[in-house]
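# Here is the input, now give the coordinates:
(2 chains)
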Amino acid sequence: MRVAYFPSRGVCTMESRTLLCCLLFAFVFAATWGATPLAAEEGAPEVRLPADVTYRSAENSPGPVVFSHTVHVPLAGDRCVACHPALFPILRPTEKITHAEMSAGKKCGACHDGVAASGVEDDCAHCHGSGEKP
Amino acid sequence: MSVGLLFDSTRCIGCGACSAACKEANDLPLPIEDHTTAYTWTVVEDVGGAKIRRLCFHCAEPTCVSVCPVAALQKTAAGPVVYDPQRCIGCRYCIMACPFGVPKYQWDQPVPIVGKCILCAGRVAQGLPTACAAVCPTGATLFGEHGSLLREARKRIAATPDRYVDHVYGANEAGGTSVLMLAAVPFAELGMKTDVPRQPLPLLTWNVLSKIPSFVGVWGVLLLGIHWITKRREEVSAYEAPQREKER
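Sure thing, here's the model as predicted:
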């Protein structure tokens, strides 16, 4: 069925009207979206987390460990105090983490105990050279 | 140049990094308590969803410094109100005097002293920002020169007036403080004291105390003088008494 949009001119068909509407909608949507990026999160503070930390590997290590704040901070409920400063200093970098202290419930071992999170003796590749980062 | 902090409540996510860094920088014992104590110098409190930091405001003219009988508290030129635990005698006068209720007492110690935020005076002297500002992941706590922080605070209110209440807390409170705060809700609702006088509190006592040396000096000389003259007249009169008897 062909219905004239402007009957006097008789140039707009149903198809062209639909196309026009779609284009108009797309234009308005793009304009609004482009003008206010992250409109849904307006006013939410921008969080700049520290860069990933690559720990130096010990001898016989299956691979270097890369720690990501981006992964861990949401898991800790956005609470820096979940780990700092009781487990790790916040102002100084942690130079050394041993499996012995982790097994004793310190450092990573406080959460990675096999209950709250995967245990530190369970799967080497989970932390060591998991392939996410060199 | 004096330094300070600008805390923007609307940018705070309450992660507690400031408390953690404070503990570490000042060698304070764990745990991080939920309110400020002699061992926890700053905390972030959640008041109905709004975040507010508790810490010393580092007044331009601090009442605690004014009242301390042993000068354990000092206002440094750089901005921090520092505290010497070696001098403190634990009299708690500063706790009574502080208009913001900042200094806290070591109630668990047999010989307690006071504890409070010292604006990382050691770090500041080395040209570093305070520990809390250094670790803040959102920039809610900014460290900088006091004047530029105050301008930044006013600029933020002017730029986005619907985001803030029109009040820079600390700009005028107790005669102005080194720590400034911005918030989306009135500060009274965040548990901040809004009845703090606008003029420096040490002025109240200084107006009296400053007159005491001249008061003592003038009245001392005057009264001693009267005493000397009176005594001299009595001595002369006693000395001349026999002569007057003879002449009679």
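# need the strands for chain B, in chain order.
Counting by DSSP state E, chain B has strands at residues B:3-8, B:43-47, B:50-54, B:73-75, B:81-83, B:104-105, B:114-115, B:141-145, B:179-182.
# isn't B:Q74 right up against B:V81?
Yes. With contacts counted by CB atoms under 8 Å, B:Q74 reaches B:V81, the gap being 7.2 Å. (Glycine included, C-beta is placed from N, CA and C.)
# Give the intersection of the neighbour lists for the two.
Counting by CB atoms under 8 Å, 6 or more residues apart in numbering or on different chains, the common neighbours of B:Q74 and B:V81 are B:V65.
# So which of those two has more stuff around it?
B:V81 (27 against 16; other CB atoms under 10 Å in any protein chain shown).
# separation between the more buried one and chain A?
22 Å (CB to the nearest CB, to the nearest Å).
# Wait, that residue touches B:K75, no?
Yes. Here B:V81 reaches B:K75: they are 5.2 Å apart, a contact under CB under 8 Å.
# if you average pLDDT over stretch B:135-144, what comes out?
When pLDDT is averaged along stretch B:135-144, the result is 95.
# if I look at B:V81 and B:K75, which residues touch both of them?
By CB under 8 Å, 6+ apart, the residues touching both B:V81 and B:K75 are B:58-59, B:62, B:65.
# how about the residues of chain A that lie near chain B?
A:43, A:45-50, A:73, A:78-81, A:84-86, A:89-92 (CB under 8 Å from any CB of the partner chain).
# If you average pLDDT per helix and strand, which one of chain B comes out bottom?
helix B:202-209 (a mean of 86; mean pLDDT, DSSP states H and E).
# Domain-wise, how is chain B divided?
B:3-200, B:211-247 (automatic domain parsing).
# Going by neighbour count, which of the residues of chain A next to chain B are buried?
The neighbour count (16 or more other CB atoms under 10 Å in any protein chain shown) marks A:45, A:73, A:80-81, A:84-85, A:90-91 as buried among those.
# could I get those residues as JSON lines with secondary structure?
Below are those laid out as JSON lines (DSSP: H, G, I helix; E, B strand; the rest coil):
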{"residue": "A:P45", "secondary structure": "coil"}
{"residue": "A:V73", "secondary structure": "helix"}
{"residue": "A:C80", "secondary structure": "helix"}
{"residue": "A:V81", "secondary structure": "helix"}
{"residue": "A:H84", "secondary structure": "coil"}
{"residue": "A:P85", "secondary structure": "coil"}
{"residue": "A:I90", "secondary structure": "coil"}
{"residue": "A:L91", "secondary structure": "coil"}
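# quick one: which of the residues you listed is nearest to B:A241?
A:L91 (87.3 Å; CB to CB).
# what's the pLDDT at the nearest residue to the closest one once chain neighbours are set aside?
Among residues not flanking A:L91 along the chain, B:E24 sits closest, at 5.2 Å (CB to CB, 6 or more residues apart in numbering or on different chains). We have a pLDDT of 95 for B:E24.
# Can you give me every residue that contacts B:E24?
A:84-85, A:89-92, B:131.
# Ok, A:D78 next?
Counting by CB under 8 Å, 6+ apart, the residues that A:D78 touches are B:13-15.
# swap in B:L128?
Applying CB under 8 Å, 6+ apart, the residues contacting B:L128 are B:120, B:134.
# State the distance from it to B:H58.
Using CB to CB, to the nearest Å, B:L128 is found at 17 Å from B:H58.
# now do B:K246
For B:K246, the distance to B:H58 - CB to CB - is 80 Å.
# Of the two, which one has the most company?
More crowded of B:K246 and B:H58, by other CB under 10 Å: B:H58, with 27 against 6.
# Which parts of chain A are helices?
Taking DSSP state H as the test, the helices found in chain A are A:14-35, A:69-75, A:99-103, A:124-127.
# my bad, chain B
B:17-25, B:63-67, B:93-97, B:121-125, B:131-135, B:146-159, B:202-209, B:212-247.
# Just say which of the ones you listed is most tucked in.
Counting by mean count of other CB atoms under 10 Å in any protein chain shown, helix B:17-25 has the highest mean neighbour count of these, with a mean of 26.
# Run the angle between that helix and strand B:141-145 for me.
Relative orientation of helix B:17-25 versus strand B:141-145 (axes from the mean of the first three to the mean of the last three CA atoms, to 10 degrees): 60 degrees.
# Surely B:C68 and B:Y93 touch.
Yes. Using CB under 8 Å, B:C68 is in contact with B:Y93, at 6.6 Å.
# Could you pull up the residues touching the residue nearest in space to the middle of chain B?
Centroid check for chain B by CA atoms, centre = their mean gives B:P62 as the closest residue, at 3.1 Å. Shown in contact with B:P62 (CB under 8 Å, 6+ apart): B:73, B:75, B:81, B:202.
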